[in-house]
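> Got a predicted model here, sequence first, then my questions.
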Amino acid sequence: MQRKYFINITFLLSLLLLTNACSKEDYAIPVLSTNLQNDVIKRSLGPNVVGQQIEFAYAMALGPEVGKIVSAQVEASIAGATGTFLENRSFYTNTGGADVGVIIGGASVTNGKTTNVTFTADTSAVTLRYYYVVPEEARGKSVSFTFSAKSSNGQTASYAMGPYAISKMDMVLGLDVTDNNACYISIADMAVYTEANAAANADKIDLVYLYRTTPANFTHALVSPAADAIYRPGITLPSGVNRSAKVSKVWNLRDWQLDPKHQYSVFVDDLDFQQLDLSGAPNYALNLKAEAGVWVETADSKYRAYIFINSINNGAKSARIGIKRYAL
Amino acid sequence: MKNHIKIIVIFLLVPLVWVGCSKDFPVDEDGLLITDRAQCYVSNFDLIGSDRLSVRTKTPLIDTVAQIINIEVQFGTDLKNLYPQFTLVTDAKLDPKITGKVDFSDLLNPKVYTVVSGNRKVKKPYTVFVTVQP
């Protein structure tokens, strides 16, 4: 008896399942909400370095039949440095591939932590870029952002981004070093000095740049003042310039922030400096090529740095370098 | 019927036992295969700097009879932080193993590496002489 019930129930359930499985589902195009909506993406990559920009794209839209956008605002948890702004242009790409800006309002106004754009154009959809210049105050901390927009029908929308860690390191780009001229490099000052200036900053000079054609394979070099004299031929050091930095050559470490022209690159971050071990490293590096680099630790162990060789010029006996520096 | 089952089981067991008793390929203490090869020599050698680029100025001289390697490195090479790179004959291995940077700065006491043949019966020590480009 029980077996009969079991078979019948199973049959009925199977029939029900079959009916459902074969029923046709009509597709309906989703109805878009006409409410004010927004979205944000972070466009910039890599470590967030003091003095550099963090870039966002803020998109906002509502149904044109219900109203228009009247203002957009970004509030940072730490006020941005000078140069922080929200674009007042929305960009589109023309047939030639160029980005063309369309002005939608007045220039942004930054008041403390808040940057605001008031719209003047009658628009219901727009994407604005936001550039936050990392202030000194944010070093080693984290920063968050709240993007918000208002529409003429009284609606508001907001979007939170972050928190983003701000790197402890510093960065300087485009330092030109020239043999027997501006050749004294200070990691502490992130600067290059001539012989006269080096004497005045003798306790801060960590490396000397030089270029030699002999011995062979000498070429472009970064040498500590205290290195053996055979590694700095023809150099008479200014009085008091005698520090000994540890130097280790690196190849194929093209930091994107120090050398943005490369599509495929990596980022040197705080962690790299924290884990760097230069014990046993020499105090000179010879035969440096374009796009090579050196890790450096200053004699007083106050700083670690990565010096990237952007370009070299054998004829002019010069090079262009960029430095990332981390205070220990 | 029982006889049939016994025969089938026996037929299945015989190949299993045969496979189970076949001799394993011998391996050494490093888990590397010990083969029949008795050849024992270095076919190429290089020294790599901290930037992972070769520091040699020309092809090194490898004397497989005298068992010496003469290599000249670039002026200014940091001899304390070099990665030696050996190319050995098939199945051979090196003793001591290279696990990281090696200090070649003591030019008066050159490093010695022993090549061990594939059959692990032939051992030939090679002395690496490093000279710095003037």
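Received it, and whenever you're ready, just let me know what you need. Numbering: from 1, shown residues only, chains lettered A, B, ... in the order given.

> Point out where chain A drops to low pLDDT.
A:1-2, A:15-16, A:18-23 (pLDDT under 70).

> which residues of it fall in helices?
Counting by DSSP state H, one finds helices in chain A at the ranges A:2-22, A:195-200, A:270-275.

> And those: which comes nearest A:Val117?
The closest of the helices of chain A to A:Val117 is helix A:270-275. By C-beta to C-beta, the value is 33.4 Å. Yep, even glycine has a C-beta here, placed from its N, CA and C like the rest.

> Point out the other helices and strands that that closest one packs with.
On a contact count with 3 or more C-beta pairs under 8 Å, 6 or more residues apart in numbering or on different chains; DSSP states H and E, helix A:270-275 meets strand A:303-313, strand A:318-327.

> Give me the residue at the spatial middle of the chain.
In the absence of a named chain, this looks at chain A. Note on chain A: the residue nearest the mean C-alpha position is A:Gly46, at 4.3 Å, using C-alpha atoms, centre = their mean.

> The intended chain is chain B.
Nearest to the mean C-alpha position of chain B, counting by C-alpha atoms, centre = their mean, stands B:Lys93 at 2.1 Å.

> about what we covered before: switch the helices of chain A over to TSV; also include mean neighbour count and distance to A:Leu173.
Below are the helices of chain A laid out as TSV (neighbours: other C-beta atoms under 10 Å in any protein chain shown; distance: least, C-beta to C-beta, whole Å):
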stretch	mean neighbour count	distance to A:Leu173
helix A:2-22	9	64
helix A:195-200	15	20
helix A:270-275	14	18
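
> and of the ones you listed, who's closest to A:Ala157?
Of all the helices of chain A, helix A:270-275 sits nearest to A:Ala157, with 34.8 Å by C-beta to C-beta.

> Neighbours of A:Phe91, how many?
16 (other C-beta atoms under 10 Å in any protein chain shown).

> same deal with A:Glu291?
Neighbourhood size, A:Glu291 [other C-beta under 10 Å]: 16.

> ok, it touching A:Asp259?
Yes. Between A:Glu291 and A:Asp259 there is a contact at 7.1 Å, judged by C-beta atoms under 8 Å.

> Quickly list what's touching both of these two.
Common neighbours of A:Glu291 and A:Asp259 (criterion: C-beta atoms under 8 Å, 6 or more residues apart in numbering or on different chains): A:Phe308, A:Asn310.

> For A:Lys249, list the residues it contacts.
Counting by C-beta under 8 Å, 6+ apart, A:Lys249 has contacts A:Ala285, A:Leu288, A:Ala292, A:Gly293, A:Val294, B:Gly49, B:Ser50, B:Asp51, B:Asp78.

> Identify the spatial nearest neighbour of the last one, chain neighbours not counted.
The shortest distance from B:Asp78 to any non-neighbouring residue, by C-beta to C-beta, 6 or more residues apart in numbering or on different chains, is to A:Pro282 (4.5 Å).

> pretty sure the residue nearest to the centre of chain A is touching A:Pro260, no?
No. A:Gly46 lies out of contact with A:Pro260 (C-beta under 8 Å); the separation is 10.0 Å.

> circling back to that earlier point, contacts only, for the residue nearest to the centre of chain A.
Applying C-beta under 8 Å, 6+ apart, we find A:Gly46 in contact with A:Trp256, A:Gln257, A:Phe267, A:Asp269.

> ok, now A:Ser77?
Neighbour list for A:Ser77: A:Lys113, A:Ser142, A:Val143, A:Ser144, A:Phe145, A:Gly162, A:Pro163 [criterion: C-beta under 8 Å, 6+ apart].

> and the residue nearest to the second one when sequence neighbours are not counted, what does it touch?
I take that to be A:Ser142. Nearest residue to A:Ser142, sequence neighbours excluded (C-beta to C-beta, 6+ apart): A:Pro163, at 3.9 Å. Residues near A:Pro163 by C-beta under 8 Å, 6+ apart: A:Ser77, A:Ser142, A:Val143, A:Ser144.

> same thing with A:Ala188?
Residues near A:Ala188 by C-beta under 8 Å, 6+ apart: A:Lys204, A:Asp206, A:Thr298, A:Lys302, A:Tyr303.

> Sheet-wise, list the partners of the lengthiest strand in chain B with their directions.
The longest strand of chain B (DSSP state E) is strand B:123-132. Paired with strand B:123-132 in the same sheet, following DSSP bridges, are strand B:68-73 (parallel), strand B:111-116 (antiparallel).

> got JSON lines for those, with mean pLDDT and mean neighbour count too?
Shown next, in JSON lines, are those (pLDDT from 0 to 100; neighbours: other C-beta atoms under 10 Å in any protein chain shown):
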{"stretch": "strand B:68-73", "mean pLDDT": "96", "mean neighbour count": "20"}
{"stretch": "strand B:111-116", "mean pLDDT": "97", "mean neighbour count": "18"}
